[in-house]
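Colleague: quick one: sequence plus predicted model below, questions after.
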Amino acid sequence: MTEFDKKIISAFPGLVVRKDLVKAVRGNAIVPSYVLEYLLGQYCATDDGPSIASGIETVREILRKHYVHRNEAELVRSNIREKGRHRVIDRISVSLNDKDDVYEAEFSNLGLKKVLIGAEIVKANPKLLVSGIWCIADVEYAHVEEKGVNPWLLGRLKPVQLSAFDLESFLAARRKFSSEEWTDLLIQTMGLNPGQFDRRAKLHLLTRLIPFCERNYNIIELGPKGTGKSHVYSEFSPHGILLSGGEVTVPKLFVNNANGRIGLVGYWDCVAFDEFAGKSKRVDKSLVDIMKNYMANKSFSRGVETLGAEASMAFVGNTSHDVEHMLKYSDLFRDLPEKFYDSAFLDRIHFYIPGWESDIIRAEMFSDGYGFIVDYLAEILRAMRSYDYSGRYREYFSLSENISTRDRDSINKTFSGLMKLIFPEGNAEKGEIADLLEFSIEGRKRVKDQLLRIDSTYPDVDFSYSGKDGATVAIATREEKEFPQIYYYKMPGRGADPEHDAASENTPAQDKPCAGESHIVIEENQTGVSYDDLFGEYIKNARKIVITDPYIRLFYQARNLMDFMEMIARRRGARNRTSIHLVTVEDEFKAFQQLEYFNKIKEASLVGGIDFSWEFDQTGTLHARHIVTDSGWKILLDRGLDIFQPYEMNDIFNFSARMQQFRQCKAFEITYLRLE
């Protein structure tokens, strides 16, 4: 157990569970994680090894005796008949039989229908009337001779969820954690290993939770298969429901005019639509129209009266092409069904999670650390829906006046949701607030930029914010930075269609500096960056180049230097020879290997018309990293040439090994200065 896990257990005794235990007890029981964690929380909320082992066996025994597998339903029903009563774990839904004036329950796995259930139980658990909930229930069998009488009865019923929680105790315990620790705790609660994700990826994961803590929040995530897009909505909370793309209707979602019963939006905090993409899917136009009104105004009407609800909506689906293809030939919404490919509908989306930035879920991404029993956190998030943190940034920052009301509301709702998740008391430092505000703006900008492609009537928007000192920060999406040459195609007044622009096929993805003084910031895991894009325009007329970098010691660092030489060789063409001198620090332990690398680079560079030399700094104080050219440029590098994340160098079938623009970057900055 790590110190972090010990801290979690100490701060939230009895409310956390080791996340890998869910897999240990699930077996072939097809139940949501929150059901299993509810049981684990009863018996395994401890750090004592023997107690955990005993608790796991207890939970397994409960599942073995009481969880109903569909293929064993007949056996369970027979046992109930013989014993007269049996406790089961099943998903139960209820309908009103108005002919006999009774409520009747239906068991999903047990296969029983028209089981009598008391009206007081239904009143206490109204979600039984809409799609059903997971419960622990006592089923009774009492046969009578009278014809037409159902012998099945439902006695005691208990929903699988916490009965109470203390918000103040939760907030007090939150103060014991830094914002980074708290974020990691939330990621572990989702069952994932925070060590496998960078800051941006963690924020994307947390954004999936905003529909549970923010009322009427509309979010979409499109991306490749296997990235876990729908997991949160099916497994995380008993207050959310996941629907497959084709099974929703107007009566089911909003209101049934035949009986006046309100639909899913009246009972669930979050209604999520799985497999939402698919151009060939048939969609009811009236459903889209009602959804547009609901997503914009929190209300809906079917002719009789206007009703309101608070359910958030989440849309998740798979893309059929990569980002570059979508930007080049269509837009990032192109895979949606035709009826949903509607600018008015899409304008109601508050945030677009770029699913293509998420990795395919692998075994090492799952956590074996401690996290909240998800049902506990689900209740906390539900309580936070009553709070509004959307204005907390205004103490330090203000949004551009050019941002429309709908864009502003979208940004505010995302910011409020992230604040509730990471800073539930509403207190955050200025830098932390700026971080969340920029992230919130980017998610809405991604929506609006695609609307500009789809509908030319939308005006351009200045997605920026300003500090109290008047300094303005312009926000760009990750795709905008990686593919600037094609990002603006089809936007009003910008560019042309790349299908008819042959030159665009050979344009590098990363926008090249224009050989002027400037400053570039590259984000963590950004792609589309190469040495040629960063340095090519500044070294093209140079005959002498001096590289100062104290960290050219290991093999991959020497490989980076060789990549730089290759770029110089391509750039110099048939011109005179180029001299490159390296100033670095001698490796204290493997100087002989370092010299071997340099000698090989020197020998190889001669073929490319480059004279390579080096020297070791003797002062012991060398820390600066920069490139100076005899053509009058000094390029300041905060990471030197070491700008790429680790990749498999020896895999010849991996584009990352062969082309720099396919590699993920580390976060770094470059400043270009003109020498006098």
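Modeller: Happy to help now that I have it. Numbering: from 1, shown residues only.
Colleague: domain assignment for this structure?
Modeller: For the chain, automatic domain parsing gives the domain ranges 70-159, 167-381, 388-506, 518-674.
Colleague: ok, which of those comes nearest Pro50?
Modeller: domain 167-381 (17.3 Å; C-beta to C-beta). For the C-beta atoms, the positions are set from N, CA and C on the backbone; glycine is no exception.
Colleague: nearest approach to Ser51 belongs to which of the domains of the chain?
Modeller: domain 167-381 (14.2 Å).
Colleague: quick one, strands of the stretch 501-650 of the chain?
Modeller: With DSSP state E, counting those that start in this stretch as the criterion, the stretch 501-650 of the chain has strands at 518-522, 544-548, 578-584, 610-616, 626-629, 633-637.
Colleague: want to throw these into TSV with mean pLDDT?
Modeller: Output for the strands of the stretch 501-650 of the chain, formatted as TSV (pLDDT from 0 to 100):
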stretch	mean pLDDT
strand 518-522	86
strand 544-548	95
strand 578-584	95
strand 610-616	94
strand 626-629	95
strand 633-637	94
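Colleague: so which of those is nearest Ile475?
Modeller: The nearest among the strands of the stretch 501-650 of the chain, by C-beta to C-beta, is strand 518-522 at 12.2 Å.
Colleague: tell me what the closest one is packed against?
Modeller: Under the contact criterion of 3 or more C-beta pairs under 8 Å, 6 or more residues apart in numbering; DSSP states H and E, strand 518-522 touches strand 668-674.
Colleague: residues in contact with the strand it packs on?
Modeller: With contacts defined as C-beta atoms under 8 Å, 6 or more residues apart in numbering, strand 668-674 is touched by 513, 516-522, 534, 538, 632-639, 643.
Colleague: ok, 6 Å please
Modeller: Strand 668-674 is contacted from outside by 517-522, 634-639, 643, using C-beta atoms under 6 Å, 6 or more residues apart in numbering.
Colleague: just the buried members of those?
Modeller: Using 16 or more other C-beta atoms under 10 Å as the burial test, the contacts of strand 668-674 include 520, 522, 635, 637, 639, 643 as buried.
Colleague: and those as JSON lines, adding distance to Phe351?
Modeller: Below are those laid out as JSON lines (distance: C-beta to C-beta, whole Å):
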{"residue": "Ile520", "distance to Phe351": "27"}
{"residue": "Ile522", "distance to Phe351": "23"}
{"residue": "Ile635", "distance to Phe351": "36"}
{"residue": "Leu637", "distance to Phe351": "34"}
{"residue": "Arg639", "distance to Phe351": "31"}
{"residue": "Ile643", "distance to Phe351": "29"}
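Colleague: what helices or strands is the host helix or strand of Tyr38 leaning on?
Modeller: Per DSSP states H and E: Tyr38 is located in helix 33-43. If contacts are counted by 3 or more C-beta pairs under 6 Å, 6 or more residues apart in numbering; DSSP states H and E, helix 33-43 sits against strand 16-18, helix 21-26, helix 49-66, helix 374-384.
Colleague: can you pull out the low-pLDDT segments for this structure?
Modeller: 28-29, 45-47, 131, 148, 161-164, 245-247, 302-304, 489-515, 573-575 (pLDDT under 70).
Colleague: distance from the chain centre to stretch 465-477, please.
Modeller: Distance of stretch 465-477 from the chain centroid (C-alpha atoms, centre = their mean, to the nearest Å) equals 25 Å.
Colleague: can you show me the CA trace of that stretch as CSV?
Modeller: Provided in CSV are the C-alpha atoms of stretch 465-477 (Å, rounded to 0.1, in the frame of the first residue of the first chain):
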residue,chain,number,x,y,z
TYR,A,465,-10.1,36.0,-21.9
SER,A,466,-8.4,38.9,-20.2
GLY,A,467,-6.9,39.4,-16.7
LYS,A,468,-7.4,42.4,-14.6
ASP,A,469,-4.1,43.8,-16.0
GLY,A,470,-5.6,43.9,-19.4
ALA,A,471,-3.5,41.1,-20.8
THR,A,472,-5.5,38.9,-23.3
VAL,A,473,-5.1,35.2,-23.7
ALA,A,474,-6.3,33.7,-27.0
ILE,A,475,-7.4,30.0,-26.8
ALA,A,476,-6.8,27.5,-29.6
THR,A,477,-7.8,23.9,-29.7
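Colleague: so which of the helices and strands packed on helix 33-43 is the most packed in?
Modeller: strand 16-18 (a mean of 27; mean count of other C-beta atoms under 10 Å).
Colleague: who does that strand pair up with?
Modeller: Take DSSP bridges as the rule and strand 16-18 pairs in its sheet with strand 370-372 (antiparallel).
Colleague: my guess is Phe439 contacts Leu203. True?
Modeller: Yes: using C-beta atoms under 6 Å, Phe439 is in contact with Leu203, at 5.4 Å.
Colleague: quick one: contacts for Cys135?
Modeller: By C-beta under 6 Å, 6+ apart, the neighbours of Cys135 are 92, 157, 159.
Colleague: select the longest strand from this structure.
Modeller: The strand that spans the most residues within the chain, counting by DSSP state E, is strand 85-97.
Colleague: done for today, thanks.
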